[in-house]
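Participant: Could you work out the structure for the sequence below:
(chains A and B)
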Amino acid sequence: MLRVLLLTLSVVAIAHAGLCKPDAQNAFKVRLSIKTALGDNAYAWDANEEYLFKAMMAFAMRRYSSKSTTQISNVLLCNVTDRVSFWFVVTDSSKNVTTIPGSEVEAAIRMNRNRINSAFLLSDKTLQFVKITSTLSPPVEPSTPVWLIVFGVVLCLILAGIVFLVVAGIRQHKKKNKKSTERENLEEKCEVTITVENGIPCEALDLKAGHINGVFAADDERFTSL
Amino acid sequence: LSVPPEIPKEDSRPKWDNKFQYILSCIGFAVGLGNVWRFPYLCQIHGGGAFLIPYFIALLFEGIPLLHLELALGQCLRKGSISAWNTISPYLGGVGVGSWMVSVLVSLYYNTVLTWVMWYLINSFQEPLPWSMCPLNENRTGFNEECYRSTSVNYFWYRKTLNITPDVTESGTLQWWLILCLAACWAIVYLCTIRGIETTGKAIYVTAIFPYLVLTIFLIHGLMLPGATNGLAYLFTPNLNTLKNPSVWLDAATQIFFSLSLAFGGLIAFSSYNSPKNDCEKDAVTVALVNSMTSLYASIPVFSVLGFKATTGYWDCLDRNIINIINEFDLPEESIMRDNYTAWISLLNSSYPEKIAGLKLKSCDLQEFLDQSVSGTGLAFITFTQAIIFMPGSPAWAVLFFIMLFCLGLSSMFGNIEGVFTPLLELQIISKSIRKELLSGIICLISFLIALCFTLGSGSYWIDIFDSYAGTVPLLVIAFFEVMGVAYVYKMKRFSKDVKWMTGRKPNLYWQITWRFISPLLLLIVFVAFVTLRIQKPSSYAAWNPKYEGFPMKEEKVYPPWVLAICVLLAVLPCAFVPLVALFHLVKKICRSENPRFVQPQVFSCQGAS
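Facilitator: This is a model prediction of the structure:
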């Protein structure tokens, strides 16, 4: 009895091993870049991590098909390299020695990609399923583009500056006009006309400060008296 | 009765607040975008440090004499370019009109370049920068195709900014975001030039000094970037063999000439607001030396950043190859590093040559990355923006860089606008009726409306045309006639006396020889060589065409005949004014000389009352 059981198990194992091969049907290659993602905090890839991977795959299949039939033993890993890369297939426990179609596995992984990534502290780029491209998330765009806001601020400042300068110019012009009209009015009111002799206003010539030329001033005797 | 001596009229001409403002304005006008994005490129392609030899020879025999001539002229005559040349001789009035025309044409397109700088500036206030990532395509399965095939920086420049058409004949539509930025730029120019030098004199303190601060910050940061030394070594390693090529000397002469912003009339306008007793000789030497030193100073951070970009590009190339090899051979991570890459490659190539060939690895050569030389808008908007993405804290660096470019361009715009504004103020029909604020507003509004053409899809092609034709050949012609006019029509003896009256010493032998012989000769040679080289190659342009097979390489296209006609018109129109005005006055003189009552106008002298 025991021998028959062992025989069947080994046959199943060998058959299963045949299912998981590089480039086998419905098999996927996985590539992890742990050191790139985590640097010094990188963990080593060992049998426990493989167990976690199988568990995550089983979890993904269960969530996707909502059948609770996929077991951890259904997920087969093979060809694990130092890169850390390996191939895996998911077998169907209900049908004998067949693998679940690749499209279903792919859909299950896409649905749960986030959970799978976080289980390993990795991202879409560092936990690669080689044939499954991830949908790219669009860059976050605010409702009003940032540049419009900055532009609005700049334009307001410029317009404020222009208005200020123009108004200041008009006010200065008005003040100058008022001053010149005041001066004209003052000159009209003045009764003393400003005489200009030789380009110099007479008032500038302070007669007291001037010199009296003695030669001409006091010499009346030179002229013959009439 | 003798005529009474007149009281000198109170001088109503505006003045600079102080000498420093005047010098700063001249320096700001001369130091522009070309110092940052043309001089380093010329150094790079013409043998690094060896380029400085023809550059300084051109500075000595062409740049400084012409600069001194213009500053002395403006200071002596105290008028803008049109009236100044009319005063020297009515036959030379065309020189003034020509330089006014060039100032108008250059102002139009130069502010559009500033529009692009402003667009990048206001887009720099976000993290991540918009040119660092490609947008997704419609069904979100991958990136936008045009962006994916070229790079995200190229895509942002050609598609998101310019929305460029594949051909100069296809005008495309007006780009509304560029119109907004153009309006803002002209509003800034109006704000700063609203009352002529009263307002630009205040603005220049910021726009002329700030770029030096930013250049220093970039210098310090750039020297600390990895790979900076590669760039600097590449820039400064002299290769004296390039000096045998005459085009190197031509490039040096044209670079000095255009860098100092000669023959625009702006320098004449600036110095016309000086008091006559001012040492214009010292000013000229100062401005020219500061301009050249700034070019050298700017090339250090530019090349540090370019070296950094080349190094990161090289490392990127290596890393991609390494990942491919590791994935193919399932080797453990970090087994191949950048330093043992070549050893591993040779090992694997000997053992598995077919697998290595199947990977189609790109050959990564640092020299090739360094050799990618760019000048002009490509340097600022593509190369530099890409380098900034790799720097930590990129939005801050982008903001600093674009504010610096904006200030550099704005201070040059002040000179251009003064070259347009001052002669108009002195025209009899305008000065009495219109106030300064209104005149500058009208100039800015008309320029904005005309410059809307440059916001079309094909706008950047047109700006290249304006830059290559309106901003080059006419200046050489006008400068040639300026020197000849002063040396032989106004007569060098009279000019030397005027300069002696202004500066206190007679111009020495160096000035005499350069003004009379060397500078005109040099200008003639440069002009002939420049035009010959231009005519020899068929004028073509590089178009950005996503449907081209060689995309992302640009497609070489030839200008259609009607565009060529416009090019020739742009180059010839300002120059044509010189003979036309001379002819007009000649005809007038012949008609007048038949009229005996006509009195000859008094000969002008700098020293007498105006």
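Participant: Tell me the confidence at residue 211?
Facilitator: Since you didn't name a chain, this refers to chain A. For A:His211, the model assigns a pLDDT of 60.
Participant: my question was about chain B
Facilitator: Reported pLDDT for B:Pro211: 95.
Participant: now swap in B:Thr112 and tell me
Facilitator: So, for B:Thr112, pLDDT stands at 94.
Participant: longest helix of chain A?
Facilitator: For chain A, the longest helix by residue count, based on DSSP state H, is helix A:146-189.
Participant: for B:Lys436, phi and psi?
Facilitator: B:Lys436 adopts backbone torsions of phi -60, psi -40, taken as degrees, to the nearest 10.
Participant: whoops, A:Thr99 was the one
Facilitator: Torsion angles, degrees, to the nearest 10, at A:Thr99: phi -100, psi 150.
Participant: who does it bridge with?
Facilitator: Using DSSP bridges, the bridge partners assigned to A:Thr99 are A:Thr91.
Participant: which is the next helix or strand following the lowest-mean-pLDDT helix or strand in chain B?
Facilitator: Least confident helix or strand of chain B, by mean pLDDT, DSSP states H and E, is helix B:428-431 with a mean of 67. Remark: after helix B:428-431, the chain's next helix or strand is helix B:436-451, criterion DSSP states H and E.
Participant: Put the alpha carbons of that next one into PDB.
Facilitator: Extracted as PDB, the C-alpha positions of helix B:436-451 are listed here (Å, rounded to 0.1, in the frame of the first residue of the first chain):
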ATOM      1  CA  LYS B 436       6.900 109.200 -23.300                       C
ATOM      2  CA  GLU B 437       4.600 106.700 -21.600                       C
ATOM      3  CA  LEU B 438       2.300 106.700 -24.500                       C
ATOM      4  CA  LEU B 439       5.000 106.300 -27.100                       C
ATOM      5  CA  SER B 440       6.600 103.400 -25.400                       C
ATOM      6  CA  GLY B 441       3.200 101.800 -25.000                       C
ATOM      7  CA  ILE B 442       2.500 102.100 -28.700                       C
ATOM      8  CA  ILE B 443       5.900 100.700 -29.600                       C
ATOM      9  CA  CYS B 444       5.300  97.700 -27.300                       C
ATOM     10  CA  LEU B 445       1.800  97.100 -28.500                       C
ATOM     11  CA  ILE B 446       2.700  97.200 -32.200                       C
ATOM     12  CA  SER B 447       5.600  94.900 -31.600                       C
ATOM     13  CA  PHE B 448       3.500  92.500 -29.700                       C
ATOM     14  CA  LEU B 449       0.900  92.300 -32.500                       C
ATOM     15  CA  ILE B 450       3.600  91.700 -35.100                       C
ATOM     16  CA  ALA B 451       5.400  89.200 -33.000                       C
END
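Participant: What mean pLDDT does it get?
Facilitator: 91.
Participant: any idea which helix or strand comes after that helix?
Facilitator: helix B:459-465.
Participant: Please write out the alpha-carbon positions of that next one in PDB.
Facilitator: Listed next in PDB are the C-alpha coordinates belonging to helix B:459-465 (Å, rounded to 0.1, in the frame of the first residue of the first chain):
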ATOM      1  CA  GLY B 459       7.300  80.400 -35.600                       C
ATOM      2  CA  SER B 460      10.700  78.900 -34.500                       C
ATOM      3  CA  TYR B 461      11.700  78.400 -38.100                       C
ATOM      4  CA  TRP B 462      10.900  82.100 -38.800                       C
ATOM      5  CA  ILE B 463      12.900  83.200 -35.700                       C
ATOM      6  CA  ASP B 464      15.900  81.200 -37.100                       C
ATOM      7  CA  ILE B 465      15.500  83.100 -40.400                       C
END
